[in-house]
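>>> predicted model, plus sequence, below.
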Protein chains: 2
Amino acid sequence: MSVYQATASAPVNIAVIKYWGKRDTKLILPTNSSLSVTLDQDHLRSTTTSRADPSFTKDTLWLNGKEDEIKPGGRLETCIREMKKLRKEIIEDKDASAPKLSEYKVHIASYNNFPTAAGLASSASGFAALVSSLAQLYSLVPPVVSPSTLSLIARQGSGSACRSLYGGFVAWEQGQLADGSDSLAIEVAPQSHWPDIHALICVVSDTKKGTSSTSGMQRTVETSTLLQHRIKNVVPARMAAISTAIKNKDFDTFARITMADSNSFHAVCLDTEPPIFYMNDVSRAIINVIVELNRLSVEKGEGYKAAYTYDAGPNAVIYAREKDIKEIIQLVLAYFPQTAGEFKDVLGVFGGSVQDVNVHGTIPEGFNDKVANKWEVGSVKGLIHTKVGDGPRALAPDESLLNANGIPKTLA
Amino acid sequence: MSVYQATASAPVNIAVIKYWGKRDTKLILPTNSSLSVTLDQDHLRSTTTSRADPSFTKDTLWLNGKEDEIKPGGRLETCIREMKKLRKEIIEDKDASAPKLSEYKVHIASYNNFPTAAGLASSASGFAALVSSLAQLYSLVPPVVSPSTLSLIARQGSGSACRSLYGGFVAWEQGQLADGSDSLAIEVAPQSHWPDIHALICVVSDTKKGTSSTSGMQRTVETSTLLQHRIKNVVPARMAAISTAIKNKDFDTFARITMADSNSFHAVCLDTEPPIFYMNDVSRAIINVIVELNRLSVEKGEGYKAAYTYDAGPNAVIYAREKDIKEIIQLVLAYFPQTAGEFKDVLGVFGGSVQDVNVHGTIPEGFNDKVANKWEVGSVKGLIHTKVGDGPRALAPDESLLNANGIPKTLA
C-alpha cells in the first residue's frame, strides 16, 4: 500500500513594518498591514513531516519530539481542518480517482533547529512548515494553489506565519473583508532581487518574562491613545515607501523606515495601560551604537550602514548590506563581548566556516565610543549572522521526521 | 541711604501632564498645555536675594556661590530686563516719587537646597525664585501684579518655571498669541484644597547622560509621527479631565491620567529619530511595582494607591495620598534597598523626624513579587518624601544671601 507523506521546511521572518493589533482575534485579522524579511533556512528553520493514513485513529502532532495537544477550535486544529477542506474542494471533489486523504487522520512531527532560549518566535516558521508539509501531502502546490492562498490558513495558526510562506521581502496585506479572505501574504520581492541583505541577530539576556504578544497587542488596541493614529496615518505611508525602497534596493530609506517603525511599535507598547516594555538597557545600548555608526557613516557621505529592529522581546535584529556586516559584527563585539562558541561565523565573513572563529571587537575611527557603556560578557548571549532567504522547501523523503510506523524517529 | 533688597524662595514642580515641544523657542511657547503639582519648599527650594543699587556697575548673578554669566539676549538677561521693564511701566511711570530702581544695576544671589546629583531640574524653581525676588524688590506684588503676569516672564527663563509661581495644582495654558502674552500659569487648585497629596521622589542612578530636554523636545517636534496626535487629540482631553479630578479630589482619575501621560510623553520620545530614552531598567522596575500595587488595591475595591511619573530622566516621582505613603515607601524599599542616611523621614510618617530612620522593606499580602527583580543597594540612590506645597515666599531680611556690600555671604 502507498504511503502518503511529505516533509517541508519553512523560514523565520522578521518584520520591518510591525504587526501589532488584531481586529478579529479568532481569524487573526490585523489592524494594519506589515512587511518582513524572510531569513535563510540554512540557519534558522522549522521542519515538519505530515503523513495521512487510514490506520491512524486521531490527528496527532509532535513538536520537538513531544506530543502537543490539538485542542478543538484551537489554532492547530483550525490549520489542519482548513487544509483538509482545501484538499477536498480543490482535488478530491474535482477528481474522483484522487485518494480521499482529507478523510484520513494525520500524524505530524515538527522540529525547530533553533533553541527556545534564543528568544526567536518559532510560531511563524512552525505554522508555515505545518501548512507547507500538508500542502505537499495534499498536492496543494503551484500552480494549483498559490502560497498566498496557503498564507490565509497559516495566518489562522499565527498571524506572522503567513509571511513565512514566501522568501525574500513579504507583505501581509491586512485586508478589509470580515471573513479574512483578503488578509494574506504577497511577495514584494524575491530573495534573488536583493540577496545582499544580511541580518545579525543579537540574543539579549532578559531576567524578566515580558508580556506575551497575543495579550499585549490587544491591551494596546484597548488602551493606547496613539495606536489608531499609527494604524491609520503612519503605517500605510511606510508600507508604500519601504516597498518602493526594496524594489529600488535603496538601503538608506529601507533602514530609516525599519528603525522608525520599530520605535513606533515600541512607543505604542509604552503608551499601553499598563505600559508594555520589551526593550531593556542592553537593547537600548545596541540602538545607541547603531545610531552612532550611521551618524558617522552619513557624515562621511556613505549613507546608512545598519538598521535595528526589535520584536516583542529584547533581542535586536540588525539588517545591513554584506559589505558592512563584518564591521558591524566587530563593533557589536566591542560593546558586547562574546565567549568562544557564542558567535559562529556561519556565513564565513571572517574567513571561518561553521566553526567558531575568534573575532575581536573593533570601534571605527571617528566613532564616539561614549554613546554606550561596554557591557560584560553574557549581556548579549549570542550572535546569529544570517541573511535574506528563500521560502518553504519540499524536502527529500530521507529527511522525514517520522519513521515507517508514522512515529517521530526521535521517539522510536 | 536706603537699601533696596528682597529675598524669596520658590518651589520645584513636577508635571502630571507633560510639557514636550516648543512652537517658539525664543519666547518658550509650548506646543501643548501642561499641568503640575508644586512640591513643598520646606524640602526642595531655590532661594534668591536681589538688590538694586546705584553703586553697582553691572547686573551680576551668583548661582550657588559661583558667578553665572548673564549673556546678552540670554534667558537670565531676558528675565531681568523684562522685570525692570515691568517696574518702570507699572510703578515708576505712574508714580514720579517712586525710586527709579529699574535704572539701577542688580546683584542677585541664588541657591538651590538640593544637590544637582539628585537629578531634579533646578531651572524651574531657580527662575521662579529669581522672578519672585525681583517682583518683591520692585513692589510688583498682588494686587498690583498677579503671579500669572510674573509667570509670563519666568516662562522665558525656563518654560516649566512659570508653573512654580503658584502652589498647589497649576496649569500652564499654552496660549494662542504669537507674542506669548497668553501663555501663562494659572492656579487650578491651591495646596489647601488637597493637602493630602504626598510625593516620593526615587532618585535613580544612571550611568549614561541623557539627551537634554531642550534639544530633545525639538527633535521630537521635527521627527515624531505621533507627537501631533498627542498634542491635538490626547493632551486637551487629559487637561480637562485631570483638572476636574483635582477639583473633586478624585485620586483614581488623577492617578490614571498621570501615569498615562507620563507613558505618552516617553512614547513620543521613543518615536523620535533617533529615539530618546530617559527611563532605564530601574525606572521600569518601579513602574511594574506600582502597577502591581494598584492592581492589588483595585482588586480589593480600594482603588488606586499610587501614580508614577517620569520627567526627562530616570527618576520616578510617585504621587500618593498620605494614608498610603508609608506602605508605598516600604514597598519601594523592599525592591530598592537604601543605605542608612539615603532616606530621611522628613515628614515623620515612620515616627521619625528629620533624623534618619531605619525603615525595612515590606511587600503587602497578595502582592505578586515576581513583577520586578530585587535590586542592589544604590540602584535607587535615595528617596525624598515630600508633598504638595505652597507658592513662592517672601523671606525675612535676615535670610538674605547677600552681605552688606551686596556680595554673596558665602564669598565674603
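Perfect, thanks for sending it.
>>> list the contacts of the nearest residue to A:S110 once chain neighbours are set aside.
Spatially, and ignoring its direct neighbours in sequence, A:S110 is nearest to A:T48 (4.3 Å; CB to CB, 6 or more residues apart in numbering or on different chains). No exception for glycine: its C-beta is placed from N, CA and C like everyone else's. Shown in contact with A:T48 (CB atoms under 8 Å, 6 or more residues apart in numbering or on different chains): A:7-10, A:108-111, A:126, A:129-130, A:132-133, A:401.
>>> which residues does the residue nearest the centre of chain A contact?
For chain A, the residue nearest the mean C-alpha position is A:N13 (2.4 Å; CA atoms, centre = their mean). With contacts defined as CB under 8 Å, 6+ apart, the neighbours of A:N13 are A:S36, A:V37, A:T38, A:L39, A:A124, A:S125, A:S160, A:R163, A:S164, A:V170.
>>> what about 10 Å?
Counting by CB atoms under 10 Å, 6 or more residues apart in numbering or on different chains, A:N13 touches A:34-39, A:44, A:121, A:124-125, A:128, A:160-170, A:172, A:185, A:388-389, A:391.
>>> same check on A:E103?
A:A52, A:P54, A:K84, A:R87, A:K88, A:E92.
>>> do A:G65 as well
Counting by CB under 10 Å, 6+ apart, A:G65 has contacts A:A109, A:S110, A:Y111, A:L401, A:P408, A:K409, A:T410, A:L411.
>>> from A:D53, how far off is it?
20 Å (CB to CB, to the nearest Å).
>>> please apply the same query to A:L383.
Counting by CB to CB - A:L383 and A:D53 are separated by 43 Å.
>>> more crowded one of these two?
More neighbours surround A:L383 than the other of A:L383 and A:D53, with 21 against 17 (other CB atoms under 10 Å in any protein chain shown).
>>> if A:L200 is in a bridge, with which residues?
A:I318, A:H385 (DSSP bridges).
>>> measure it to chain B for me?
Going from A:L200 to chain B by CB to the nearest CB, to the nearest Å gives 19 Å.
>>> so which of the contacts of A:G65 wins on neighbours?
A:A109 (28 neighbours).
>>> which SS state does that residue fall under?
strand (DSSP: H, G, I helix; E, B strand; the rest coil).
>>> wait, doesn't it sit right on A:N64?
Yes: with contact defined as CB atoms under 10 Å, A:A109 counts as touching A:N64 (9.1 Å).
>>> joint contacts of these two?
With CB under 10 Å, 6+ apart as the test, A:A109 and A:N64 both reach A:P408, A:T410.
>>> outline the domain layout of chain A.
A:4-194+A:393-399, A:197-387 (the TED database).
>>> partners of the residue nearest to the residue nearest to the centre of chain A when sequence neighbours are not counted in the sheet?
Closest residue to A:N13 apart from its sequence neighbours, by CB to CB, 6+ apart: A:S36 at 4.0 Å. Beta-bridge pairing of A:S36 under DSSP bridges involves A:A15, A:V170.
>>> who are the contact partners of A:G167?
A:G167 touches A:11, A:13, A:37-41, A:147, A:187, A:189-192, A:388-393, counting by CB under 10 Å, 6+ apart.
>>> redo that, cut-off 6 Å
By CB atoms under 6 Å, 6 or more residues apart in numbering or on different chains, the residues touching A:G167 are A:T38, A:Q191, A:G389, A:D390, A:G391.
>>> got a winner among these for most neighbours?
Ranking the contacts of A:G167 using other CB under 10 Å puts A:T38 first, with 29 neighbours.
>>> how about the domains of chain A in TSV, adding mean pLDDT?
Below are the domains of chain A laid out as TSV (pLDDT from 0 to 100):
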stretch	mean pLDDT
domain A:4-194+A:393-399	96
domain A:197-387	93
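>>> quick one: closest of these to B:F367.
Of all those, domain A:197-387 sits nearest to B:F367, with 14.9 Å by CB to CB.
>>> measure that closest one end to end?
Domain A:197-387 has an end-to-end distance of 6 Å (CA to CA, to the nearest Å).
>>> in JSON lines: the contacts of A:T48, plus secondary structure.
Shown next, in JSON lines, are these (three-state DSSP):
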{"residue": "A:T7", "secondary structure": "strand"}
{"residue": "A:A8", "secondary structure": "strand"}
{"residue": "A:S9", "secondary structure": "strand"}
{"residue": "A:A10", "secondary structure": "strand"}
{"residue": "A:I108", "secondary structure": "strand"}
{"residue": "A:A109", "secondary structure": "strand"}
{"residue": "A:S110", "secondary structure": "strand"}
{"residue": "A:Y111", "secondary structure": "strand"}
{"residue": "A:G126", "secondary structure": "helix"}
{"residue": "A:A129", "secondary structure": "helix"}
{"residue": "A:L130", "secondary structure": "helix"}
{"residue": "A:S132", "secondary structure": "helix"}
{"residue": "A:S133", "secondary structure": "helix"}
{"residue": "A:L401", "secondary structure": "coil"}
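>>> kindly indicate which of the residues you listed lies nearest chain B.
Nearest to chain B among these, counting by CB to the nearest CB, is A:G126 at 28.0 Å.
>>> ok, now which ones touch the closest one?
A:S46, A:S110.
>>> make it 7 Å
A:S46, A:S110, A:N112 (CB atoms under 7 Å, 6 or more residues apart in numbering or on different chains).
>>> wait, the second one touches A:S46, no?
Meaning A:S110. Yes: applying CB atoms under 7 Å, one finds A:S110 in contact with A:S46, separated by 6.1 Å.
>>> who touches both of these two?
Counting by CB under 7 Å, 6+ apart, the residues touching both A:S110 and A:S46 are A:G126, A:A129.
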